[in-house]
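Student: Make a model of this:
(one chain, ligands or ions: 2)
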Amino acid sequence: MLSWNRLRGALSRTSHALSKGVTSLLSRPHLDAETLSSLEDLLLTADLGPQGAAAVLSSLKEHLPAEPTLQAAQEALVTAIASLLEPYERPLESLAQLPRNQPVALLLMGVNGNGKTTTAAKIAYFLKERGRSVRLAACDTFRAAACEQLCHWGEKLSIPVCTARPGADSAALAYSALESTAPGEILLVDTAGRLHTRGDLMAELSKIRRVLGKVCPEAPQETLLVLDATTGQEALAQAAAFQQCAGISGMIVTKLDGTAKSGIIVPLVQEYSVPLLAIGTGESLEALSPFCARAFAEALVLSA
Ligand SMILES: Nc1nc2c(ncn2[C@@H]2O[C@H](COP(=O)(O)OP(=O)(O)OP(=O)(O)O)[C@@H](O)[C@H]2O)c(=O)[nH]1
Ligand SMILES: [Mg+2]
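Tutor: Residues are numbered from 1 along each chain as shown. Ligands and ions are numbered 1, 2, ... in the order given. Now for the predicted structure:
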């Protein structure tokens, strides 16, 4: 898990953009309507979206003391953001608690380049550290390089990778990979990137889902959507399409280290009521942080 300082460092692009403005606005002696409207603009710049920004402001007004010091006003803003996100916190640790009496499949899906393969490796590392037996399935059979990328992670982590030749049926590979997964073992199914607007590719994802269920009726026990925070509001449309096609049991938002718009997390969880398990904050295996609403809100609002 990332320490407070490392999390703040990872979110520094957003917090640099937000915390300075917030500090200067909240330092004003009277938090009048004009000040609150400027604060709303700042929240919109960080991609909280109109509903998210309005919800934060209304919660802030509730939590603000009559004549707040800067510190009290900042604290109220942290509480306002955190309280919106808290209902959607889901411990990453819950993945390590997945059943031990059946083969477990964890399906990773998302648009091209969102970070699925890297996230599969990070989760494999996380689960392995917690004593779970893990294997990977390279169900992105479109590109030979995709298989190589996953095999590279498999080697690094010393875990088996189920592969097929390029162009092979990805659902058939998912089926045989889960068949070779022992009860209690966790199979991370990496899939090809697919544009949420392509009906044929989305149908293929439904097929992968279906065949996993033929091996074990409960599988896939998790259907995780990987979203890239740098795509901003576009992530909202992606979540809607994947929710409709495959259902989402949890989200992972990557590349928060590369954007000034980390606030996108607020409308994402609010609109789809899907829990957030973790955030990606870099390219290394360790750069996956369990999502903690309060730590996230603090990292955004409080200046370094
Ligand atoms: N900075 C940063 N880079 C990331 C993060 N997660 C993934 N990346 C990088 O993003 C790029 C794409 O990641 P992949 O894991 O290959 O993405 P993918 O969704 O599997 O891509 P396709 O298989 O092509 O659809 C790689 O260069 C990763 O190292 C993150 O949290 N932060
Ligand atoms: Mg990939």
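
Student: How about residue 137: what's its closest non-neighbour residue?
Tutor: residue 177 (3.8 Å; CB to CB, 6 or more residues apart in numbering). Using the backbone N, CA and C atoms, a C-beta is placed for each residue, glycine as well.

Student: Extract the residue ranges of the stretch 51-200 of the chain that are flagged as low pLDDT.
Tutor: Applying pLDDT under 70 to the stretch 51-200 of the chain flags no residue at all.

Student: Just say helix, strand or coil for the residue in it positioned nearest to ligand 1.
Tutor: Per CB to the nearest ligand atom, residue 193 is where the stretch 51-200 of the chain lies closest to ligand 1, at 2.2 Å. Under DSSP: H, G, I helix; E, B strand; the rest coil, residue 193 falls in the coil class.

Student: how close does it get to residue 116?
Tutor: Counting by CB to CB, to the nearest Å, the gap from residue 193 to residue 116 is 7 Å.

Student: between those two, which one's more packed in?
Tutor: Each of residue 193 and residue 116 has its neighbours counted (other CB atoms under 10 Å); residue 116 has more, 28 against 19.

Student: Verify the stated contact: the more buried one with residue 194.
Tutor: No - counting by CB atoms under 8 Å, residue 116 sits too far from residue 194 to count as a contact (10.1 Å).

Student: what sits in contact with each of the two?
Tutor: Residues touching both residue 116 and residue 194 by CB atoms under 8 Å, 6 or more residues apart in numbering: residue 109.

Student: can you count the residues close to residue 233?
Tutor: Neighbour number of residue 233 under other CB under 10 Å is 12.

Student: Can you name the residues that contact it?
Tutor: 47, 49, 264, 267.

Student: what's the distance between the closest residue to the third one other than its chain neighbours and ligand 1?
Tutor: The one in question is residue 264. Of all residues not flanking residue 264 in the chain, residue 47 sits nearest, at 4.3 Å (CB to CB, 6+ apart). Counting by CB to the nearest ligand atom, to the nearest Å, the separation of residue 47 from ligand 1 is 17 Å.

Student: What helix or strand is the residue nearest the centre of the chain located in?
Tutor: What sits nearest the mean C-alpha location of the chain, by CA atoms, centre = their mean, is residue 252, with 1.6 Å. Taking DSSP states H and E as the criterion, residue 252 maps to strand 250-254.

Student: And for residue 10, nearest residue in space, chain neighbours not counted?
Tutor: Of all residues not flanking residue 10 in the chain, residue 281 sits nearest, at 3.5 Å (CB to CB, 6+ apart).

Student: Show me what residue of the stretch 51-200 of the chain gets nearest to ligand 2.
Tutor: residue 117 (3.3 Å; CB to the ion).

Student: next structured bit after the helix or strand in which that residue is found?
Tutor: Element membership of residue 117, judged by DSSP H and E, is helix 116-129. Beyond helix 116-129 in the direction of the C-terminus, DSSP H and E gives the next helix or strand as strand 134-139.

Student: what's in contact with that next one?
Tutor: For strand 134-139, using CB under 8 Å, 6+ apart, the contacting residues are 120-121, 124, 127-128, 146-147, 150-151, 153-154, 157, 159-164, 170-171, 173-174, 177-178, 180-181, 185-192, 208.

Student: cool, and stretch 45-64?
Tutor: 14, 17-18, 31, 36, 39-40, 43-44, 72-73, 76-77, 79-81, 83-84, 232-233, 236, 260-264, 266-267, 270-271, 300.

Student: repeat that with 7 Å
Tutor: With contact meaning CB atoms under 7 Å, 6 or more residues apart in numbering, stretch 45-64 is reached by 14, 17-18, 31, 36, 39-40, 43-44, 73, 76-77, 79-81, 83-84, 232-233, 260-264, 266-267, 270.
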